[in-house]
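Visitor: A predicted structure for the sequence below; I have some questions about it.
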Amino acid sequence: MEDREIFDREVLDKKQAARFLGISMPYLEKLMRTRRIPYSKIDGRKGRVLFLKADLIEWVKQHRVKGPETE
């Protein structure tokens, strides 16, 4: 899937979410294991994992480090 397609979608799978955020799959999985990033699990314990792009954008905003001029 091309980057343009990822940016046009509202719901992303794990691979797309990692690419959207610019992080590795192992790091995304660590964030999920430690419940530090929002995601949805479809069909129970071993089901498909999906991310809302809006949630990922909000998550990035909440973890932004502000400089002295933006405080």
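Guide: Yep, it's here. Fair warning: this is a prediction, and the values are worked out from it, not measured in the lab.
Visitor: Below-threshold pLDDT in the chain: ranges please.
Guide: When residues are selected by pLDDT under 70, those of the chain lie in 1-2, 70-71.
Visitor: where do the helices sit along it?
Guide: Counting by DSSP state H, one finds helices in the chain at the ranges 3-8, 14-21, 25-33, 53-62.
Visitor: What lies in contact with the shortest one?
Guide: Meaning helix 3-8. Helix 3-8 has contacts (C-beta atoms under 8 Å, 6 or more residues apart in numbering) with 12, 16, 19-20. The C-beta positions use only the backbone N, C-alpha and C, and glycine is treated the same way.
Visitor: burial of Phe20, as a residue count?
Guide: Number of residues near Phe20 (other C-beta atoms under 10 Å) recorded here: 19.
Visitor: Same question for the one 5 residues further on.
Guide: The local packing of Met25 (other C-beta under 10 Å) involves 12 other residues.
Visitor: what's the closest non-adjacent residue to it?
Guide: Ala18 (5.0 Å; C-beta to C-beta, 6 or more residues apart in numbering).
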